[in-house]
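Trainee: Pasting the sequence and the predicted coordinates here, then a few questions.
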Protein chains: 2
Amino acid sequence: MPPRIVEIRQNVLKQNDLLARELRRRYEDAGVFVVNLVSGPGSGKTALLEATLTTLARDHAVAALTGDLATDNDARRLARAGVPVRQISTGTVCHLDAKMVGDALADWDLRALDFLFVENVGNLVCPASYDLGEQLRVVLLAVTEGEDKPLKYPTIFHSADLAVITKSDLADAVDFDRAAAHANMRSVAPEIEVLETSARTRDGLDRWLDRLTQGARG
Amino acid sequence: MPPRIVEIRQNVLKQNDLLARELRRRYEDAGVFVVNLVSGPGSGKTALLEATLTTLARDHAVAALTGDLATDNDARRLARAGVPVRQISTGTVCHLDAKMVGDALADWDLRALDFLFVENVGNLVCPASYDLGEQLRVVLLAVTEGEDKPLKYPTIFHSADLAVITKSDLADAVDFDRAAAHANMRSVAPEIEVLETSARTRDGLDRWLDRLTQGARG
């Protein structure tokens, strides 16, 4: 990129970090645990979130924000869980940023919530650089995407706290190499936690939900 | 985005279009058919390209450029087909642009080639806006990604000439709704051609290769 664009991009990121810091303070003051879900398109963010919202909503106050370029399909899918859901349409922008999230939350009373899930735009590149003030960043990798993705998109794996391997019910059908996937994740993100789930069979969902409730407890 | 960034981005795109026009003229003068493959991460661009290069190389002079943020894994995979392959490392940039392609091709004698394949960075957003001078833009959609992706990422489907549904051997395992996928593609890109392939079983590869050789004949 030309130097002028790099410079402007750095300013945008700096501004984002300031807004993200404000959001983080707002979340902490309100006592809400905020999770940012990032992944490539079709890795199963919405499916995991549907299962998560439905189950958590039995004992907790939960809500979701979902980012998408063009449709509100995901917001409508998530709303079926019976929890408050808001859509952020990004147009041609390949990520959510702290301002979009702050605007979407402007009139929400976050103190009423235990969990807020933010479903980012499906993209393994752009969302990596945008802090949304979340307490937990989760990157999803579907077994159908290939074990090499952490090496090819290192920044987003490096920026995440937790990786969830999704669609584990298809692991055998695609000869998923679990050891290679774990090794590749650890090579770019040595500290990352790794869980494995299938939203379809519900395998691994209990551990994922436990991890979330532990996180919320601080 | 702030107005200043929008303006600079428009200038970048304008500059890209001028370079793409030069590349297109160069390709036409050289008589090489250039195909730009775009898709999300893990949709099977490299697997389709491996099968394509291996088969086409029997009767044609073929080569490939492959874009990746950080690794040369794909270039090494493709080189196993025994054809010339060059890697373009984009760092944190989520697409190839015409300058990167022009630089990578600077010392190549394109007249010696029948086909040049350009494998873009795995991303369903960024590559849509960057003309690389190609004669054919192909968007891949794996059956494992879900039928809704054309609606969620309309620009890239709208910008493509041809859509290839990949990993068709997994269609039953994921309850792929073929009719919905076709309807969604046609709703955002009414003129788009659609093929279906499996690089693993080789189903549909003959039609794909026929389409390429027809394209190359003009």
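Mentor: Yep, it's here.

Trainee: got a list of what the nearest residue to residue A:153 once chain neighbours are set aside touches?
Mentor: Of all residues beyond its chain neighbours, the one nearest residue A:153 is residue A:124 (4.1 Å), with distances taken as Cβ to Cβ, 6 or more residues apart in numbering or on different chains. Quick note: C-beta positions are derived from backbone N, CA and C, even for glycine. With contacts defined as Cβ atoms under 8 Å, 6 or more residues apart in numbering or on different chains, the neighbours of residue A:124 are A:38-40, A:149, A:153, A:156, B:41, B:122-123.

Trainee: Any chance of the residues you listed in TSV with pLDDT, distance to residue A:204 and neighbour count as columns?
Mentor: Conversion of those to TSV gives the following (pLDDT from 0 to 100; distance: Cβ to Cβ, whole Å; neighbours: other Cβ atoms under 10 Å in any protein chain shown):
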residue	pLDDT	distance to residue A:204	neighbour count
A:38	98	19	29
A:39	98	16	31
A:40	97	20	27
A:149	97	19	24
A:153	96	22	29
A:156	97	21	27
B:41	97	22	27
B:122	96	25	30
B:123	96	28	30
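
Trainee: Helix, strand or coil: sort out the residue most central in space within chain A for me.
Mentor: A centroid search over chain A (Cα atoms, centre = their mean) returns residue A:37, at 0.6 Å, as the residue closest to the centre. On the three-state scheme (DSSP: H, G, I helix; E, B strand; the rest coil), residue A:37 is labelled strand.

Trainee: Against which helices or strands is the worst-scoring helix or strand of chain A on mean pLDDT packed?
Mentor: For chain A, counting by mean pLDDT, DSSP states H and E, helix A:3-30 ranks last in confidence among helices and strands (a mean of 87). Secondary-structure packing of helix A:3-30 (3 or more Cβ pairs under 8 Å, 6 or more residues apart in numbering or on different chains; DSSP states H and E): strand A:33-38, helix A:98-105, helix B:3-30.

Trainee: and with 6 Å instead?
Mentor: helix A:98-105 (3 or more Cβ pairs under 6 Å, 6 or more residues apart in numbering or on different chains; DSSP states H and E).

Trainee: The helix it packs on and chain B in contact?
Mentor: No - using Cβ under 6 Å from any Cβ of the partner chain, helix A:98-105 stays clear of chain B, coming no nearer than 10.4 Å.

Trainee: Dump that helix to CSV, restricted to CA.
Mentor: Extracted in CSV, the C-alpha atoms of helix A:98-105 (Å, rounded to 0.1, in the frame of the first residue of the first chain):
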residue,chain,number,x,y,z
ALA,A,98,-15.6,-0.4,17.7
LYS,A,99,-17.6,2.5,16.4
MET,A,100,-20.1,0.2,14.6
VAL,A,101,-20.5,-1.8,17.8
GLY,A,102,-20.7,1.3,20.0
ASP,A,103,-23.4,2.8,17.8
ALA,A,104,-25.4,-0.4,17.8
LEU,A,105,-25.3,-0.6,21.6
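
Trainee: partners of the residue nearest to the centre of chain A in the sheet?
Mentor: Beta-bridge partners recorded for residue A:37 (DSSP bridges): residue A:119, residue A:138.

Trainee: show me the contacts for it.
Mentor: Residues in contact with residue A:37 (Cβ atoms under 6 Å, 6 or more residues apart in numbering or on different chains) are A:45, A:119, A:138.

Trainee: How about the residues of chain A by chain B?
Mentor: So chain A meets chain B at A:5, A:8, A:40-42, A:68, A:70-71, A:73, A:94, A:123-126, A:144-146, A:148-149, A:151-152, A:154, A:173 (Cβ under 6 Å from any Cβ).

Trainee: For chain B, see how far away the spatially closest residue to residue A:109 that is not a sequence neighbour is.
Mentor: In space, and not counting its chain neighbours, residue A:109 is closest to residue A:30: 8.0 Å by Cβ to Cβ, 6+ apart. Distance of residue A:30 to chain B, given as Cβ to the nearest Cβ, to the nearest Å: 29 Å.

Trainee: wait, isn't residue A:30 in contact with residue A:112?
Mentor: No - using Cβ atoms under 6 Å, residue A:30 is not in contact with residue A:112, being 8.4 Å away.
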